[in-house]
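[1] Below are the sequence and a predicted model; questions follow.
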Amino acid sequence: MSLSFQTRINISCLASISILLLLVVAGCGKTSNQAPDKLPTSSEDAKKGGASTDSTLTPTTADSGAETSLAEIATNSKPTTSNALSGPVPSGVQPTPAEAAQLRQKNWIAVADLPRQTWDVMYLGSSKIGSMHTHITADEGGKSDQVRATLESVLRVNRGGQPTTQKISITTREKLNGELIDFLATIYEGDAKTEVTATQFDGQLVIQSKQANGQGSTHKIPWQPEYRGPFALEQTLKQQPLKNGELREINFVSVPLFRLVTLKLKGGDKQRVTMLDGSLQELQEINTSLWLEGKPIMETVAWVDDQGETLKSAALGLQVLTYRGTQALAEAVNTAAQVDLLKVTSVPLPAGTPNLHQTPGQIYKIKSQRDLYKIFSNKTNQTVRSTLALECDVTVMAIRPDQPIPQGINTDDLPSDLDRNPSPLIQSADPAIVDMAKQCAADETDTAKLAIALEKFVHDKIERKDFSRSFASAADVARQPRGDCTEHAVLLAALLRARGIPARVASGLVYVDTPSGPMMGYHMWNEAYIGDRWYPLDAVLGLGGIGAGHLKILESSLPDENPYVALLPVLQALGELQVSSVTPVP
């Protein structure tokens, strides 16, 4: 394997992962008027806002090498009642409408309590990666029934040896009862800035996006008064405490998905929860899951006090932990010890695993903490078979457009108009894309040969690796051919569509041979509909199709300007997977 080939795989998609981590930690928002009573006091660097060492700030249980559950990492203690977090959870109960009305407070916040602000500290494994600052004030317009809430998240990580900082700033205007009036969200990805505004108008939430390149788009969400904004979790918990075993659903607009999603809550018992300074606080466990279009895309656990304040939370998958703290602690990020996303977003393979890109078919035996049928795709060149609880075999066959199709490959998955037509990220009708598509194999009439030629064209065209943006559009890449695997994928999809070939992207894991041993790393590639079936293509590799080294989690036509829906399920699964064996297909 050449150095160029290896480097392309090792650094692929790291920019996209870093911005998605902000969604994991900031997607639901956090609010409070005060920090917990006990805070770390033993670190002089933390008091001064410096960070020469992180020893007193690192969670004592966040051992990245230990095979512990998220609950064990997060609580490190026994429950205060008989219903342990690790034990059976009571079946869901719903209060009657009369009970709910009686329990629910009209307002989630009081003007008399303003202004208020809090700071939170974020960890990925045992490494501190950033902070969140929430500030709530009375509305500047002087309206007594409105408040202004601002959440600023800062993430500092290392991407393949390149330190980087990502930011999200969300400012909303809310009524005291939780109704969303409007919001402004600004996403900073390196030097690039995207601004998104949302305003209610005529029964719709009108969302307008302005990209760093000056391009913009608008979409609308049908809106109801009971829908909520980015602070939905804290609002509902402060207005009405969640009982043990109670189920609750809230529809709210998520940032940075900018979609109407459903937040599902389940109340649990109180726990003695380990805080950032090692102290124990008695907090209620709340299990939450984020659902989009009927599918779960993110799961978290929040620990809240009696006032509904989230003092600690943990995201499944990469085990991101967020603790309530002070400003000094939140800003004392040790930049010399930034976590390397390449390491934490990789799944180790058994020693001796061969180069899977050169094999005709492999069976991956995989374990997870969740239902694997909900994680892996069962389409194109991949089949999933359950073996034991939370274990499965994923069979991946090499499949190339110019070679005979292996037996057992699914051919029932047909392309839609979304796979054929232009979209905000895959602008196949853009003049730059159309001109570029004509440059490659202009006279080729064989669809399979044309698809392979376009894959090689993109492989050769994108030479410069640039991580200042996490997900550029195809038109941007055509004009400035640089980026990682996501840029390869959107450009190839656009060129294929421009030449009349239905195309989509696929997200999942890819085989990587690292100095530490063989691994599966976060990746995005393509699928093209040729003849009567889908064929995978990977412009990062440029091999004319793929071998058995890709594990697909999902496929997407990327129908709008938001790519994170196609990436988040992969990020969610990364920290949960264990590959116990990889064996050739008999």
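    Okay, I see it. Because the structure is predicted, anything quoted here is derived from the model rather than measured.
[2] residues contacting the residue nearest to Lys238 when sequence neighbours are not counted?
    Distances taken as Cβ to Cβ, 6 or more residues apart in numbering put Gly308 closest to Lys238, at 3.9 Å, once the chain neighbours are dropped. From N, CA and C alone the C-beta is placed, and that goes for glycine too. When contacts are counted by Cβ atoms under 8 Å, 6 or more residues apart in numbering, Gly308 touches 234, 237-239, 241.
[3] Show me which pair in those residues is furthest apart.
    Spanning the widest gap among the contacts of Gly308 are Glu234 and Pro241, at 12.3 Å by Cβ to Cβ.
[4] of those two, who's got more company?
    With neighbours defined as other Cβ atoms under 10 Å, Glu234 and Pro241 compare such that Glu234 has more, 24 against 17.
[5] for that one, helix, strand, or coil?
    Secondary structure assignment for Glu234 (DSSP: H, G, I helix; E, B strand; the rest coil): helix.
[6] Who are the contact partners of Leu356?
    Counting by Cβ under 8 Å, 6+ apart, Leu356 touches 362, 511, 547-549, 582.
[7] ok, so what distance separates Val147 from Phe457?
    With distances taken as Cβ to Cβ, to the nearest Å, Val147 is found 53 Å from Phe457.
[8] The two - which one has more neighbours?
    Neighbours per residue, other Cβ under 10 Å: of Val147 and Phe457, the larger number sits with Val147, 27 against 20.
[9] That one contacts His135, correct?
    No. Using Cβ atoms under 8 Å, Val147 is not in contact with His135, being 10.6 Å away.
[10] So Trp108 is in contact with Lys238, correct?
    Yes. The criterion here is Cβ under 8 Å, and Trp108 meets it with Lys238 at 4.6 Å.
[11] Settle it for me: which of those two has more neighbours?
    More neighbours surround Trp108 than the other of Trp108 and Lys238, with 24 against 20 (other Cβ under 10 Å).
[12] which ones are touching that one?
    176-178, 234-236, 238-239 are the contacts of Trp108 under Cβ under 8 Å, 6+ apart.
[13] Using the three-state scheme, assign it.
    Trp108 ends up coil, using three-state DSSP.
[14] Any idea how many residues pack against Ala389?
    Counted with other Cβ under 10 Å, residues neighbouring Ala389 total 9.
[15] does it sit in a helix, a strand or a coil?
    For Ala389, the assignment made with three-state DSSP gives coil.
[16] Burial check on Gly278, number of neighbours?
    Neighbours of Gly278 under the rule other Cβ under 10 Å: 14.
[17] Doesn't it belong to a helix?
    No. Looking at Gly278 with three-state DSSP, it is coil, so not inside a helix.
[18] How much space separates it from Arg499?
    61 Å.
[19] Also Asp446?
    According to Cβ to Cβ, Asp446 stands 12 Å off from Arg499.
[20] can you check Pro222 too?
    Per Cβ to Cβ, Pro222 is found 36 Å from Arg499.
[21] more crowded one of the two?
    Neighbours were counted for Pro222 and for Arg499 using other Cβ under 10 Å; Arg499 has more, 22 against 9.
[22] And the more buried one, its phi and psi?
    The phi/psi pair for Arg499 (degrees, to the nearest 10) reads phi -100, psi 10.
[23] How about the one 10 residues further on?
    Recorded main-chain torsions at Leu509 are phi -120, psi 150, according to degrees, to the nearest 10.
[24] Tell me which residues touch it, please.
    Leu509 touches 347, 520-523, 550-551, 553, 570, 574, 577, counting by Cβ under 8 Å, 6+ apart.
[25] ok, so of those, who is nearest Lys167?
    Closest approach to Lys167 among the contacts of Leu509 (Cβ to Cβ): Tyr522, at 21.3 Å.
[26] all strands of the stretch 451-586 of the chain, in order?
    503-514, 517-530, 533-537, 550-556, 578-584 (DSSP state E, counting those that start in this stretch).
[27] Now do the buried residues in the second one.
    Neighbour counts over strand 517-530 (16 or more other Cβ atoms under 10 Å) mark 518-530 as buried.
[28] Redo these as a markdown table? Include distance to Asn378.
    Formatted as a markdown table, these follow (distance: Cβ to Cβ, whole Å):
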| residue | distance to Asn378 |
| --- | --- |
| Pro518 | 25 |
| Met519 | 24 |
| Met520 | 18 |
| Gly521 | 22 |
| Tyr522 | 20 |
| His523 | 19 |
| Met524 | 19 |
| Trp525 | 17 |
| Asn526 | 19 |
| Glu527 | 14 |
| Ala528 | 19 |
| Tyr529 | 18 |
| Ile530 | 20 |
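[29] any idea which of these is the one closest to Pro401?
    Nearest to Pro401 among those: Ile530, at 5.2 Å, using Cβ to Cβ.
[30] mean confidence for the strand ranked longest in the chain?
    As assigned by DSSP state E, the longest strand anywhere in the chain is strand 259-274. Average pLDDT, strand 259-274: 93.
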